[in-house]
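*Asks:* Need a 3D model of the following:
(2 chains)
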Amino acid sequence: MGKIQLKKVTKKFGDTQVIPPLDLTIEDGEFTVFVGPSGCGKSTLLRMIAGLEDLTSGEVAIDDTDATNTPPAKRGLAMVFQSYALYPHMSVRKNIAFPLRMAKMDPAEQNRRIEAAAAALNLTDYLDRRPGQLSGGQRQRVAIGRAIVREPSAFLFDEPLSNLDAALRVGMRLEICEMHKRLQTTMIYVTHDQVEAMTMADKIVVLQAGVIEQVGSPLELYHTPRNVFVAGFIGSPKMNLITGAEAAKHNAETIGIRPEHIDVSATKGTWSGRVGVAEHLGSDTFFHIHDTGLGDMITVRAPGEVSFNTGDTIHLTPRTDQMHRFDAKGLRIA
Amino acid sequence: MATKASRSAARLMMAPAVILLLGWMLVPLTMTLWFSFRNYLPLRGGDLGWAGFDNYTRFITSSAFWPSVQATLIIVGAVLLITISLGIVLAILLDQPMWGQGVVRILVIAPFFVMPTVSALVWKNMFMDPNSGLFAYLWKFFGAEPVSWLSEASLPSIILIVSWQWLPFATLILLTAIQSLDSEQLEAAEMDGAPPLSRFLWLTLPHLARAITIVILIQTIFLLSIFAEIFVTTGGAFGTKTLTYLIFQRVLESQNIGLGSAGGVYAIILANIVAIFLMRIVGKNLDA
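*Replies:* Below you'll find the predicted structure:
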């Protein structure tokens, strides 16, 4: 079991309110991702769930029992840290065995669990090495191994992939997802990378300045962002946000249109502008378009290879059914 | 230093320093070796010629020799033990956030800046004096008979004084090492269910291994040759005569440079034996 509830939790560092009263329920077996820009309090929130950070007020409940004052070790949660936090003077085997040894588990059972974890994470050949002799990806796997042998009721990940290179990151992302499918254990994953959030999560929690902006499945967030912040944060490349006269035409303070929802043409369209940088990815082409009279630069994603050169005039037609409208408070107009 | 030319240039540039250091070491060493084989009595006729191994046999068969080696090793060992164990405790305490941290840290380091002669005199006269020392007042306050520290408990007294001087050094080195311990490691261990004592034993202590090694090696070098503390307190009496002090007595009090030089060679041998043992025991910690 691994149902985690936050009830009116707050956190102050000195006089600075980092987390204003916040409620959140994470269901058993759910893969929840906390995402937000740096300093939005997502790591603090995770550490509060782990018990590494005290609550200023409120309650953390694990499986419907109050765990606010339970020490970290007794909460039955396992955490994977950004720096991996492996014990450098211990071999991989001893690192993975550490939580079991602290729990004074029977050595035979310890070995069984270590072998099983090592096999699942492709670490069997490295069990006698020290963390310093491993690559970044292997260290990450050891850190995960140390978490899974405890068979915790929930896993907490604090930006675990941010120290890896891009290719490894994609691989580890997949491994963590597969691990979740296999174990069916609650996982809470903190990241500032919205691509990680979109690809891994069952449920995304978008945070800004300690406040939950929106909770929902990746596609809910993509299709119906609740406000301007979520609209701009989720999706890559970013949604175009247009204010002023053009927005007023649609009875809104701000309108948002994703780059993939704008059609391009050389001859006619609703808007027109001049092509700046064109990024050719093969599968898609991203155009940065200036001088549209809409304020900021507009980003457009055209499928396949479309030949416009820098300086060319381009005509744009937004798909109005995919347009998002926001009021003066930045909230979505249904 | 990739090319042949840059390598030889580097050698050429380093040569003066190497030659200077080598000379600095070799000249006194050669002189000591030379004098140790001479019958050299400055006030009784000067250099009286070749002595063979007479000085060496006389020094080692003297009744003061083995007790002096023993006293040296006891002082070095005890001071290392006290400074490192207390140093770890103090370093952990100083690492905790507290009010007035800066001032406290400076106060802790202060003893290291006091000259050995001065600190030994302060201890001797202000604390350990059986009539007017603070300890004497303390003992009398509790109705006990004041202890004449430097004659009744001479070796422990010297160890106490020297430990007080070297504790700041150990604390400082260990404090910097503790500060470099990754806090996420400690948090990971906390989540893994390790109580504070286990966290200390399994994480902090192994992390400190290298710093402890450095403290042991550096302190040993200096502690093997402590002199001032003994000179101004007991003057080598009451079993506090170390090998260094014995050599001093042979050279200056007995005015026998040949005999003292032979003692110096023994001191070099002793220091090397200690060094070999230390490198065997703790040297592997220095490998990255």
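*Asks:* In contact with the nearest residue to residue A:228 once chain neighbours are set aside, which residues?
*Replies:* Spatial nearest neighbour of residue A:228, chain neighbours left out: residue A:330 (4.1 Å); criterion: Cβ to Cβ, 6 or more residues apart in numbering or on different chains. Where you see a C-beta, it was placed from the backbone N, CA and C, and this is true even at glycine. Residues in contact with residue A:330 (Cβ atoms under 8 Å, 6 or more residues apart in numbering or on different chains) are A:227-229, A:253-254.
*Asks:* Return the closest of these with respect to residue B:29.
*Replies:* Proximity of those to residue B:29, judged by Cβ to Cβ, is greatest for residue A:229, which lies at 75.4 Å.
*Asks:* Could you report the pLDDT at that closest one?
*Replies:* Residue A:229 carries a pLDDT score of 92 in this model.
*Asks:* At the contact with chain A, which residues of the stretch 151-288 of chain B appear?
*Replies:* Counting by Cβ under 8 Å from any Cβ of the partner chain, the residues of the stretch 151-288 of chain B close to chain A are B:182, B:184-185, B:187-194, B:198, B:202-203, B:206-207, B:209.
*Asks:* and stretch A:126-144, how far apart are its ends?
*Replies:* 14 Å (Cα to Cα, to the nearest Å).
*Asks:* secondary structure class for residue 278?
*Replies:* No chain was given, so I picked chain A. Here residue A:278 is strand, with the state taken from DSSP: H, G, I helix; E, B strand; the rest coil.
*Asks:* what about it, neighbour count?
*Replies:* 19 (other Cβ atoms under 10 Å in any protein chain shown).
*Asks:* could you measure it against residue B:234, distance?
*Replies:* According to Cβ to Cβ, to the nearest Å, residue A:278 and residue B:234 sit 88 Å apart.
*Asks:* Check the secondary structure at residue A:8 for me.
*Replies:* Taking three-state DSSP, the label given to residue A:8 is strand.
*Asks:* I'd say it and residue A:21 touch.
*Replies:* Yes - the pair residue A:8 and residue A:21 passes the contact test of Cβ atoms under 8 Å, sitting 4.7 Å apart.
*Asks:* Give me the common contacts of these two.
*Replies:* Joint contacts of residue A:8 and residue A:21 (Cβ under 8 Å, 6+ apart) are A:57-58.
*Asks:* tell me the strands in chain B, going along the chain?
*Replies:* B:38-41, B:46-50 (DSSP state E).
*Asks:* picking up where we left off before, pull the most distant pair out of the contacts of residue A:330.
*Replies:* Within the contacts of residue A:330, A:229 and A:253 form the most distant pair, 14.0 Å apart (Cβ to Cβ).
*Asks:* I'd like the distance between residue A:135 and residue A:168.
*Replies:* On the measure of Cβ to Cβ, residue A:135 and residue A:168 end up 8 Å apart.
*Asks:* more neighbours, the two?
*Replies:* Using other Cβ under 10 Å as the criterion, residue A:135 and residue A:168 rank with residue A:168 on top: 16 against 11.
*Asks:* ok, and what's touching the strand or helix carrying that one?
*Replies:* Using DSSP states H and E, residue A:168 sits in helix A:166-183. Here helix A:166-183 makes contact (Cβ under 8 Å, 6+ apart) with A:31, A:120-121, A:136-137, A:140-141, A:144, A:148, A:157, A:160-161, A:164, A:187, A:189, A:196, A:199-200.
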